[in-house]
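K.L.:
return a 3D structure for these sequence lines:
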Amino acid sequence: MSSIRLRDFIEDREGCLYAVSNYDNAERIGCILRYVPDPDGERTNLAGRRYHKYDFAESFDWIRAHKPEYLDSVHRVPYCDVARVYKPEEEIAGVAARNRRVARLLAHLDLPAGSFGCTGSLLCGLENGASDIDLVVYGDAWFVAQRRLRDLVERGAIPGMSTAMWRKVYDKRVPEISFDAFVLHEQRKWNRGEFEGTYFDLLYTRDYGNLDAIPAGAGRVLGRATIEATVTGASLSFDSPAVYAVDHDEISRILSFTHTYSGQALAGEVIEAKGVVEEHGDERWLIVGTTREAKGEYIVSKTLLESV
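P.N.:
The predicted structure follows:
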């Protein structure tokens, strides 16, 4: 079996479903609990089994009560407890066959076979009428999808994001920047959209040959800082974590663990960022998204803001 990677799902021996949230899964799988079997659950899978969906805080409460041995900064599931692995690129044919909206969106994007899939509820067969489409695209194919989405919207083949949808996304993410600044940054990312009344994401995930691109693990916390720096590399800026190489006297990289600040700046732009400084070997990194909603932390492109 191929390595377990970000945006896969795993199922444990009790039928609980976890979203894989890490690349460093050599010893135990880093993930977040999402669905728990429940006779009164609001979701039903393709076999008729009912599940309850847990949000981020609830999932940690459940793990603390039922699987405390999994507790870490994420949930760490040992391989011996895994009954099944769900891989987006392997399950996409089945998803598209039962969900014609997904099939039509994929036909528009026209990506190479094996380079894409769906994660989230669609991957697990637990979607409902209100479910978003969480498209995963791997490696360089993601940038192809990004360009095609932009072209589709500019040609009018699919609509642009409505103001109401931008507001919905902003209110869900509760960022530390204004709505206008948020939309200004988001509109040039081309990593989300609306299709036939449904919201969708284009989620970047590294291909199998690049899983170790960034050293894993937390560093020693040195304190908090707000810095201004020039971005020198943004090839992994849509990853999770998003990674920006920067030209700065003390900080060599900025990492964002919140999707809000992925793709936030381009190489050559000057950014302002606030977060927690960590020591990683002989380097210092600025970490944004040290809490779920990244309170008091942000990344903005000063170059972009000053261009308006």
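
K.L.:
helix or strand with the lowest mean pLDDT in this structure?
P.N.:
None of the helices or strands of the chain scores lower by mean pLDDT, DSSP states H and E than helix 163-173, at a mean of 91.

K.L.:
and it, how far from the chain's centre?
P.N.:
From the chain centre to the centre of helix 163-173 is a distance of 17 Å (CA atoms, centre = their mean, to the nearest Å).

K.L.:
mind listing the strands for the stretch 151-300 of the chain?
P.N.:
192-195, 198-205, 220-233, 242-247, 253-256, 270-280, 283-288, 298-301 (DSSP state E, counting those that start in this stretch).

K.L.:
those: which one's closest to residue 130?
P.N.:
strand 198-205 (8.8 Å; CB to CB). Quick note: C-beta positions are derived from backbone N, CA and C, even for glycine.

K.L.:
now do the least confident helix or strand of the chain: everything it contacts.
P.N.:
The contact list for helix 163-173 (CB atoms under 8 Å, 6 or more residues apart in numbering) reads 179, 182-183, 186, 192, 194, 199, 258-260, 293.

K.L.:
mind running it again at 10 Å?
P.N.:
For helix 163-173, contacts defined as CB atoms under 10 Å, 6 or more residues apart in numbering pick out 159-162, 175, 177-180, 182-183, 186-187, 192-194, 197, 199, 201, 258-261, 293-294.

K.L.:
residue 108 and residue 148 touch, don't they?
P.N.:
Yes - Residue 108 is within contact range of residue 148, at 7.5 Å (criterion: CB atoms under 10 Å).

K.L.:
neighbour count winner among those two?
P.N.:
For the pair residue 108 and residue 148, the greater number of neighbours falls to residue 148 (17 against 14), based on other CB atoms under 10 Å.

K.L.:
got the angle for the longest helix along the chain vs strand 198-205?
P.N.:
Scanning the chain for the longest helix, with DSSP state H as the assignment, gives helix 141-155. Angle, helix 141-155 to strand 198-205, by axes from the mean of the first three to the mean of the last three CA atoms, to 10 degrees: 150 degrees.

K.L.:
mind checking how far helix 141-155 is from the chain centre?
P.N.:
Centroid separation between helix 141-155 and its chain, computed with CA atoms, centre = their mean, is 18 Å.

K.L.:
pull out the buried residues from that helix.
P.N.:
Buried positions in helix 141-155, judged by neighbour count with 16 or more other CB atoms under 10 Å: 141-142, 144-146, 148-149, 152-153.

K.L.:
hmm, residue 301 is touching residue 264, no?
P.N.:
Yes - look at residue 301 against residue 264 with CB under 10 Å: they come within range, at 6.3 Å.

K.L.:
list residues touching both of those two?
P.N.:
Here residue 301 and residue 264 have 185, 188, 231, 271 as joint contacts, going by CB under 10 Å, 6+ apart.

K.L.:
where are the low-confidence patches of this structure?
P.N.:
Within the chain, the stretches with pLDDT under 70 are 1.

K.L.:
which segments of it make up each domain?
P.N.:
9-86, 88-208, 218-307 (automatic domain parsing).

K.L.:
out of these, nearest to residue 3?
P.N.:
Nearest to residue 3, of the domains of the chain and by CB to CB, is domain 88-208 at 6.2 Å.

K.L.:
centre of the chain to stretch 51-62, how far?
P.N.:
Here the centre of stretch 51-62 is set off from its chain's centre by 18 Å, with CA atoms, centre = their mean.
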